[in-house]
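> sequence and predicted model, in that order:
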Amino acid sequence: MAEPRRPTLLWLQSGGCGGCSMSMLCAEGPDFLTALEAAGIDLLWHPSLSEASGTQLISLLDDIAAGRTVLDILCLEGSVMTGPAGTGRFHMLGGTEKPMMHWLTELAARAAHVVAVGSCAAYGGITAAGGNEAGATGLAHDGEKPGGLLGETFRARSGLPVINIAGCPTHPNWIIETLMQLSLGSFTADDMDALGRPRSYADHLVHHGCPRNEFYEFKASAEQPSDLGCMMENLGCKGTQAHGDCNTRLWNGEGSCLRGGYACINCTAPRFEEPGHPFTATPKFAGIPIGIPTDMPKAWFVAIASLAKAATPHRLRHNAVADHIVVPPSTPKGPKK
Amino acid sequence: MTRRVLGPFNRVEGDLEVKIEVENGAVAQAWVNAPLYRGFEHILRGKNPRDALVYAPRICGICSVSQSVAAARALATAQGLTPVPNGLLATDLSLAVENISDHLSHFYLFFMPDFARPVYSGEAWHADIAARFRAMTGTAASPYLAAHADFKHMLGILAGKWPHTLAVQPGGSTRPVEAQEVIRLLMILSGFRRFLETVVYDAPLEAFAEMTSRTALDHWAQASRGDLARFWRLSQMLNLHHLGRAEDRFMSYGSYGSHAAPLFRSGTYHHGRRADLQAAAISEDASHAWLRQQEGPRHPFAGVTLPDLDRPDGYSWCKAPRLNGEVMEVGALARQVVDGQPLALDLVEHEGGNVRSRVLGRFIEIARLVPAMEGWVKALRPRQPFCETVNLPDEAEGAGLVEAARGALGHWLRISKGHILNYQIIAPTTWNFSPRDEGGRPGALEQALVGAPVRPGEDDPIAVQHIVRSFDPCMVCTVH
């Protein structure tokens, strides 16, 4: 009996930094190449990993576009570059004299699954910041609006819309696990949230598992970079609103943005690149942060916050504005001698 | 004489196209095109200056920390701020982890797989090299990725994550390190040292760094079972030291440690002459870019970036940076030569910058850096400050010069009315893969490709592949 055909994967990059691929190469337990093999995926081409270059790649793209080679999963990393003036000439695929957006349209039409890797490919991302003179957009979203290159009604050959593994960058496991689910045929429309993100990580909040939670509970806030306190009140942290499992599934072994001492900038969300305020300063109205935790009624939040602030233990009040623990937790006193 | 367009190149970071003119079986002229333009210099205009720390690292996913450091230094200069000692050490450690990882990823994932290509299948050495280095399936790749992921745990601790950290600040680091974490960092480093000393060098790092001549290297390589020795022996058989020479004008901004006492000093080196760096003599010209041309080349503080696809002489999105009007080569080899490292000097004095010496430059650097990093970790002082924060002036300017893995990276920032008025970036590959300047002088790669052999029937000449990748180009940085 012939072996079943392995699902094929093609990975292209356009208006981005390549950082999602670089993050993916930090995968461990096992490394990315071993994981790919375990998933039974036949990697047709990846810009950082494949031997084939130049004419060999162009033949492959021609074969897929013409239907001679079956494409199961198309991954795009980086925004679709539509500028200037809709021509796509800000990114002509080297050696082809055609805009990358042209290739993407042809290849997406053939793919069983289309995966946007990173917030750029999903929504436009960093490349769409400022006046977006680059004309950067996502595969099927422009910011939070459905559309993008492929349009709101686009469905891949499998019937699924574009899967948006948003993040800047993406965690290696967000990608690997989604690819494995696709390979196993176990990924369905129910596994995506309203913005097309895999719910496996997007149903969590960055706040979950944050080691600064005790400071958060008592509104004991950091004031300067390297302070230990909660960064929501002053330093722009959006961990209580941001979708992601960054503090329960750590980065590079033991890290996360908050563990690194800096704010969550909500990089899995559309338009995170233009927050409307300096990233690391919390916008406030009458001294109260404007953005409150997801699903929390504002009046209750304000009431609880002011109560918590009044009840802040001495230890947290001092440690919050220090760069190392100045007041350790108290030890129960032993019996009097 | 035939002209052809080569691309897309992979195993370079980003997209790349090279046009060549072939005459008598060799490249006669070359034109390098960076085909992607994103416009970071526009994105940054009008922003709060501190937001550069969010945008700048996202210029590049592989040089991300280097971009952060350049942005933080530009801000620090504008603020007249010197990072606190712990902050400087933490930042140097993060930068070193990124640079070393980039050097090794280049070797194992980007550069060596070309020797496994079928074009070499008739060579006696091919079976061994292909088994070890073939893209994706060679025996080297998976264990390297695992060792590299372990090493990057240092960035999990020091920077929260890689790429795209916000830990690097003008006054130091957001991430205070505790006493037990100093031990963790040392443990991670010792694990990585073991990988280097067994798999890569098959020698103690100090012993490798002490070698001063090609003769000593030859001697070492005969006995070593490490991957670097495999490459050295291969380079002898393929004459890789005769391939890919440019002008041999090297430049380094200097790296690590304080400005007054860097680990690798700054300057230039050309045919035996070392000179101090004159950063004021840096200029960029847009005569062969798809950018609106200004009157003559400009210093980056006055630089302008305006896309214009109708430029008659334009063939790349990349500007042409020059130092005193000269084409400069940057990278690990340049850093080591400018610093006066004996083996790097011996290589360059005898054979110049070429495919082989560029690769060796990276390994000389790693062998020197890892022991230095062990010292920096031990010098961290838990419970002492890691960051100093001061207000930003409303009117200021500052330059942030740093050595990324691929060479000299500069950010030039002007602040007006509390916002970014102008932000200009010159990345390492902007230097190395520069197009022609207004005098028609080709950039370093364009020169290095001249004379590269083209075998009969070759669609993607293998010599061109080796030369291009010997620079470890980062195309997303190049144009940004």
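In hand now; what should we look at? A quick note: this is a predicted structure, and the numbers were derived from the prediction, not measured.

> can we go C-alpha only for contacts and neighbour counts from here?
Will do.

> tell me which stretches of the stretch 51-200 of chain A form strands.
A:73-77, A:80-81, A:92-93, A:98-99, A:113-117, A:136-137, A:141-142, A:145-146, A:163-165 (DSSP state E, counting those that start in this stretch).

> ugh, wrong one, I meant the stretch 201-337 of chain A
A:284-285, A:288-289.

> deepest-packed of those, please.
Across the strands of the stretch 201-337 of chain A, averaging neighbours per residue (mean count of other Cα atoms under 10 Å in any protein chain shown) puts strand A:288-289 on top, at a mean of 14.

> could you measure from the residue sitting nearest the centre point of chain A over to chain B?
In chain A, the centroid-proximal residue (Cα atoms, centre = their mean) is A:Gly167; its distance is 1.1 Å. To chain B, A:Gly167 is 11 Å away according to Cα to the nearest Cα, to the nearest Å.

> mind listing what that residue touches?
Contacts for A:Gly167 (Cα atoms under 8 Å, 6 or more residues apart in numbering or on different chains) come out as A:118-119, A:267-269.

> if we use 10 Å, what do you get?
Contact analysis of A:Gly167 by Cα atoms under 10 Å, 6 or more residues apart in numbering or on different chains lists A:20, A:117-122, A:125, A:174, A:197, A:243-244, A:266-270, A:272.

> B:Asp15 now?
Contacts of B:Asp15 (Cα under 10 Å, 6+ apart): A:13-15, A:47, A:91-95, B:7-9, B:33-36, B:473-476.

> go with 7 Å
A:94, B:8-9, B:34-36, B:475 (Cα atoms under 7 Å, 6 or more residues apart in numbering or on different chains).

> what comes up buried for stretch B:173-187?
Neighbour-count burial for stretch B:173-187, counted by 16 or more other Cα atoms under 10 Å in any protein chain shown, picks out B:173-178, B:181-182, B:184-186.

> how far out from the middle of the chain is it?
27 Å (Cα atoms, centre = their mean, to the nearest Å).

> quote the end-to-end distance of it.
One end of stretch B:173-187 to the other measures 21 Å (Cα to Cα, to the nearest Å).

> against B:Pro113, how distant is the residue nearest to B:Ser94 when sequence neighbours are not counted?
Nearest non-adjacent residue to B:Ser94, counting by Cα to Cα, 6 or more residues apart in numbering or on different chains: B:Leu155, 6.1 Å away. According to Cα to Cα, B:Leu155 and B:Pro113 sit 27 Å apart.

> higher neighbour count, these two?
Shown here are B:Leu155 and B:Pro113; by other Cα atoms under 10 Å in any protein chain shown, B:Leu155 has more neighbours (29 against 25).

> now do that one against B:His148, distance only.
From B:Leu155 over to B:His148 (counting by Cα to Cα), the distance is 11 Å.

> same deal with B:Arg132?
Taking Cα to Cα, one finds B:Arg132 at 17 Å from B:His148.

> next: B:Gly314.
On the measure of Cα to Cα, B:Gly314 and B:His148 end up 40 Å apart.

> looking at these two, which one has more neighbours?
Between B:Gly314 and B:His148, B:His148 has the larger neighbour count (other Cα under 10 Å), namely 24 against 21.

> do I have it right that B:Phe386 meets B:Asn86?
Yes: B:Phe386 lies in contact with B:Asn86 (Cα atoms under 7 Å); the separation is 5.0 Å.

> the helices in the stretch 251-400 of chain B, which residues?
Using DSSP state H, counting those that start in this stretch, the helices of the stretch 251-400 of chain B run over B:332-339, B:342-351, B:355-379.

> what is the shortest one packed up against?
If I follow you right, that is helix B:332-339. strand B:249-252, strand B:267-270, helix B:342-351, helix B:355-379 (3 or more Cα pairs under 7 Å, 6 or more residues apart in numbering or on different chains; DSSP states H and E).

> so which of those is the most packed in?
strand B:249-252 (a mean of 26).

> show me how far that one is from its chain's centre.
For strand B:249-252, the distance to the chain centre is 12 Å (Cα atoms, centre = their mean).

> and the strands of the stretch 201-337 of chain A: which comes nearest chain B?
strand A:284-285 (16.9 Å; Cα to the nearest Cα).

> contact partners of the closest one?
So strand A:284-285 is in contact with A:Ile290, going by Cα under 7 Å, 6+ apart.

> can you give me how far that strand is from the chain middle?
Worked out by Cα atoms, centre = their mean, strand A:284-285 lies 27 Å from the chain centre.

> again, but for stretch A:155-168
Worked out by Cα atoms, centre = their mean, stretch A:155-168 lies 14 Å from the chain centre.

> just the endpoints, please. Distance across it?
Termini of stretch A:155-168 sit 25 Å apart (Cα to Cα).

> if we go by neighbour counts, what in that stretch is buried?
Buried-residue list, stretch A:155-168, by 16+ other Cα under 10 Å: A:155-157, A:160-168.

> pipe the residues you listed into CSV and attach distance to B:Tyr256 per row.
Formatted as CSV, those follow (distance: Cα to Cα, whole Å):
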residue, distance to B:Tyr256
A:Arg155, 51
A:Ala156, 49
A:Arg157, 52
A:Leu160, 50
A:Pro161, 48
A:Val162, 44
A:Ile163, 42
A:Asn164, 39
A:Ile165, 36
A:Ala166, 35
A:Gly167, 31
A:Cys168, 28
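
> out of these, who's nearest B:Pro382?
The nearest member of the buried residues of stretch A:155-168 to B:Pro382, counting by Cα to Cα, is A:Cys168 at 30.5 Å.

> domain parsing for chain A?
Domain assignment for chain A, taken from automatic domain parsing, gives A:8-202, A:206-324.

> quick one, what contacts residue 270?
Using chain A. A:123, A:125, A:143-144.

> you looked at the wrong chain, it should be chain B
B:His270 touches B:248-250, counting by Cα under 7 Å, 6+ apart.
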